[in-house]
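J.: Fold the following for me, if possible:
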Amino acid sequence: MSLEKLKRLKRIRYTTSHPIDMTNDLIDCYKNVKKLMPFLHLPVQSGSNKILKSMNRKHSREEYLSIIHNLKRVRPNIKFSSDFIVGYPGETEKDFYDTILLVKEVNFINSFSFIYNPRPGTPASNLEEVNRETQMKRLTELQNLLAGIQIESNKNEIGKLTEVLIENKMKNQTKYFGRNENLTPVVINNASEKDVGKIISVRIKDCNRNTLFGVKENMEREAAA
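T.: Okay, the predicted model is just below:
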């Protein structure tokens, strides 16, 4: 709470948390601390309770979704990203489908997904592995779903005015780079050196999967970040 009182500090990010650490008081911060950005990286790893238990994640699918629900209740515009491990030992088609359903329910705007690889000395290294072909098939399906959600989320920003914190001029270019409240990269055609370190209003004109493209509008917030 004390951070919000710093006038020169315009944005606060709490980027990553283990679900079991998302206590009610931390969730309430998203309601009460207006400078806390409406974005959270909340790794879930799997949508299957069986796999979560095998991973010793110490949270269930239902508990994870309850955290998401409570965060949305106090901050309706909050967005999420996550981490996923595909093909963990013992993962069945049903377990994988539980993950797909969870992704569709939450609509993560950005995520990281990986194939499980055994690490010597860990309990999972002694379990029967999912064959590589099945792992790759599931990873491709999951990544295609995540990419589609991310692209659709970015497309929904086209035409909208968004606040962007300008970080730097792009190397060997006249364009500038920044990030919006959801940590999405934004490339701006007509910013200037004096905008670096400030939050400016940008009209989004185009996008790809990872990046928004826009132009600076005159509604500028002359505030150092």
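
J.: In contact with the spatially most central residue of the chain, which residues?
T.: Centroid check for the chain by C-alpha atoms, centre = their mean gives Ser81 as the closest residue, at 2.4 Å. Shown in contact with Ser81 (C-beta atoms under 8 Å, 6 or more residues apart in numbering): Phe39, Leu40, His41, Leu42, Phe108, Ile109, Asn110, Ser111, Phe112. Backbone N, C-alpha and C define where each C-beta goes, glycine included.

J.: what sits up against the longest helix seen in the chain?
T.: The longest helix of the chain (DSSP state H) is helix 132-155. Here helix 132-155 makes contact (C-beta under 8 Å, 6+ apart) with 79, 84, 86-87, 91, 96, 99-100, 103-104, 107-111, 113-116, 184, 207-212.

J.: Derive a PyMOL selection command for the buried subset of the contacts of Ser81.
T.: Here is the PyMOL command that selects the buried residues among these (16 or more other C-beta atoms under 10 Å):
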select buried, resi 39+40+41+42+108+109+110+111
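
J.: I'd like to know which of the contacts of Ser81 are part of helices.
T.: Among these, no member falls in helices (DSSP H).

J.: and Pro118, that one's in a strand?
T.: No - assigned with DSSP: H, G, I helix; E, B strand; the rest coil, Pro118 falls outside any strand and is coil.

J.: I'd guessed it sits against Glu128; true?
T.: No - judged on C-beta atoms under 8 Å, Pro118 makes no contact with Glu128 at a distance of 10.8 Å.

J.: residues shared between the contacts of those two?
T.: Pro89.

J.: circling back to that earlier point, so which helix or strand takes in the residue nearest to the centre of the chain?
T.: strand 79-86 (DSSP states H and E).

J.: Give me the angle between that strand and helix 132-155.
T.: Angle, strand 79-86 to helix 132-155, by axes from the mean of the first three to the mean of the last three C-alpha atoms, to 10 degrees: 170 degrees.

J.: just the helices in this protein please.
T.: 24-32, 49-55, 61-74, 93-106, 132-155.

J.: How about the residue nearest to the centre of the chain: what's its closest non-neighbour residue?
T.: Asn110 (4.2 Å; C-beta to C-beta, 6 or more residues apart in numbering).

J.: For that neighbour, give me the pLDDT.
T.: We have a pLDDT of 93 for Asn110.

J.: where are the low-confidence patches of the chain?
T.: 1, 3-4, 121-126, 219-225 (pLDDT under 70).

J.: give me that answer again for 50
T.: Regions of the chain meeting the criterion pLDDT under 50 cover residues 220-225.

J.: could you give the angle of the strand holding Ser81 to helix 93-106?
T.: 170 degrees.

J.: Restrict strand 79-86 to CA atoms and write it as CSV.
T.: The C-alpha coordinates for strand 79-86 follow below in CSV (Å, rounded to 0.1, in the frame of the first residue of the first chain):
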residue,chain,number,x,y,z
LYS,A,79,-5.9,-10.5,-17.5
PHE,A,80,-3.8,-13.6,-17.0
SER,A,81,-0.9,-15.6,-18.3
SER,A,82,0.3,-19.0,-17.2
ASP,A,83,2.7,-21.9,-17.6
PHE,A,84,1.8,-25.4,-18.8
ILE,A,85,3.7,-28.7,-18.8
VAL,A,86,2.4,-31.2,-21.4
